[in-house]
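[1] Provided below for reference: sequence and predicted model.
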Amino acid sequence: MVTLSNVSRILVIRYGRLGDLVLLAPALRALRRRFPAAHISALVDQRYASVPEMCSAVDRVIAFDRIGMRDSPWWSGALSALRSARELRKARYDLVIDFHGFRETNLLAWYSRAPWRIGLERNEPSYLPFCFNLDPVPENQNLHVADRFDSLVETLGASPGERDIRLEVPADSRFKANRFLREKGMDGYPRLIAMNLGASAADKMWPATRFAALADRLAERFDLGVLFLCGPGEEALLRQAESSLKTNRYALAPQLGLKDLAAVISRCHLLVSNDSGPMHFGPALGVPTLGLFSLSDPLHYRPLGNRSRVIRKIPVGDIEVGEVFEQVSEMLAPD
């Protein structure tokens, strides 16, 4: 364990992805317990800045336009990167923690001139040891992603203890979620189930028509409503599901912002999701979650929490509606 003193300003770096940033929350809370008076900033991809904004352990979120920088001319991207690096140096951080382990994040840590710098050492030659003055923490690929993050803060004396995976949804997003559910006629059901149809790749998506068949069976068996979710560019999945639905106890929720999506999920009694970023919102909001896996190993990416479950088959289309129905029925049963 590293003994640190006079740490009043901390920068953590983790650009994304969505699910990884949700899984970073326990490490951030552990870091807050270790340094209760410190000001903690988080440098993240602007697409996912809403996630650390929902974690009370973070005082400031610095949104970084990685996509804009990538797609701009090389000289423009280089100037933007240099401006960002200079701003970080001006902030005079005492401790910089690189949770990402890319060359660019290594260099940002080094350029900050923070007295203490530490990072995850990825299992590839991107790690630049000269950027850090604390011993690296090897990224153990056999661990869950959240455990990898925890291993880094544990080196600093921040014990995760009873892992705190909470995210806090802002009041305005809760208000919008309540209004949305009321307008969709979903607020009258004693229970709501959210179904997340999207994922980052087609071979990680359980067919939308299977989600529809699951919704029909659940609506026939239980007094509940079903909310179908998707991300930007995935609206076709909602149309596929809707075209084969028999029940009318459903609503579609396309393209919600991340805070509004979290607010809607927080109103549900259960989340059924493909292996994707929104899946991790369920446990972080206290919602029992069933994750449907194929290529990714649940050992590394399963939804956290003792009320979460997973089903995995390769290909994902081999998962039968009946076995998902059985798992959901058990999860809906009273304790």
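    Thanks, I have it.
[2] mind jotting down where the helices sit in the stretch 201-335 of the chain?
    With helices called from DSSP state H, counting those that start in this stretch, the stretch 201-335 of the chain shows them at 208-221, 235-244, 258-266, 281-284, 298-301, 321-332.
[3] the stretch 51-200 of the chain now?
    With helices called from DSSP H, counting those that start in this stretch, the stretch 51-200 of the chain shows them at 66-71, 74-90, 103-111, 145-155, 171-183.
[4] tabulate the ones you listed (JSON lines), appending mean neighbour count, distance to residue 279 and mean pLDDT.
    (Each C-beta comes from the backbone N, C-alpha and C, glycine too.) As requested, the helices of the stretch 51-200 of the chain are exported to JSON lines (neighbours: other C-beta atoms under 10 Å; distance: least, C-beta to C-beta, whole Å; pLDDT from 0 to 100):
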{"stretch": "helix 66-71", "mean neighbour count": "13", "distance to residue 279": "23", "mean pLDDT": "64"}
{"stretch": "helix 74-90", "mean neighbour count": "13", "distance to residue 279": "31", "mean pLDDT": "72"}
{"stretch": "helix 103-111", "mean neighbour count": "20", "distance to residue 279": "25", "mean pLDDT": "91"}
{"stretch": "helix 145-155", "mean neighbour count": "21", "distance to residue 279": "12", "mean pLDDT": "94"}
{"stretch": "helix 171-183", "mean neighbour count": "15", "distance to residue 279": "18", "mean pLDDT": "97"}
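[5] looking at those helices, spot the one closest to residue 118.
    Closest approach to residue 118 among the helices of the stretch 51-200 of the chain (C-beta to C-beta): helix 145-155, 6.8 Å.
[6] quick one: the closest one to chain centroid distance?
    Remark: helix 145-155 is offset 16 Å from the chain centroid, using C-alpha atoms, centre = their mean, to the nearest Å.
[7] neighbouring contacts of that helix?
    With contact meaning C-beta atoms under 8 Å, 6 or more residues apart in numbering, helix 145-155 is reached by 1-2, 19-20, 23-24, 26-27, 30-31, 34, 97, 99, 118-120, 134-135, 137, 139-140, 143, 160, 163, 165, 300-301, 304.
[8] so how do I select the buried members of these in PyMOL?
    Entered in PyMOL, the line below selects the buried ones among those, by 16 or more other C-beta atoms under 10 Å:
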select buried, resi 19+20+23+24+26+27+30+31+34+97+99+118+119+120+134+137+139+160+163+165+301+304
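[9] can you find the helix or strand in this protein with the smallest mean pLDDT?
    Lowest by mean pLDDT, DSSP states H and E among the helices and strands of the chain is helix 66-71, with a mean of 64.
[10] next secondary structure element downstream of the helix or strand harbouring residue 30?
    Using DSSP states H and E, residue 30 maps to helix 18-34. The helix or strand immediately downstream of helix 18-34 is strand 39-45, counting by DSSP H and E.
[11] paired strands for that next one, with orientation please.
    Here strand 39-45 is paired, per DSSP bridges, with strand 9-13 (parallel), strand 60-64 (parallel).
[12] identify the residues contacting it?
    By C-beta under 8 Å, 6+ apart, strand 39-45 touches 8-16, 21, 28, 31-32, 51-52, 57-64, 66-67, 88, 91, 93, 108.
[13] rerun at 6 Å
    For strand 39-45, contacts defined as C-beta atoms under 6 Å, 6 or more residues apart in numbering pick out 9-13, 15-16, 52, 58-62, 64, 66.
[14] then stretch 195-206?
    In contact with stretch 195-206 (C-beta under 6 Å, 6+ apart) are residues 208, 211, 228-231, 234, 237, 272-276, 278, 292, 294, 316, 319.
[15] in strands, which of those appear?
    Among the contacts of stretch 195-206, DSSP state E puts 228, 229, 230, 272, 273, 274, 292 in strands.
[16] and for residue 298, nearest residue in space, chain neighbours not counted?
    Take residue 298 and drop its neighbours on the chain: the residue closest to it by C-beta to C-beta, 6 or more residues apart in numbering is residue 310, 4.5 Å away.
[17] touching, that neighbour and residue 290? I think so.
    No: counting by C-beta atoms under 6 Å, residue 290 is not a contact partner of residue 310; they are 7.2 Å apart.
[18] ok, the two, which is more surrounded?
    Between residue 310 and residue 290, counting by other C-beta atoms under 10 Å, residue 290 is the more crowded of the two (23 against 17).
[19] circling back: looking at neighbours, which among the ones in strands among the contacts of stretch 195-206 is most surrounded?
    residue 272 (29 neighbours).
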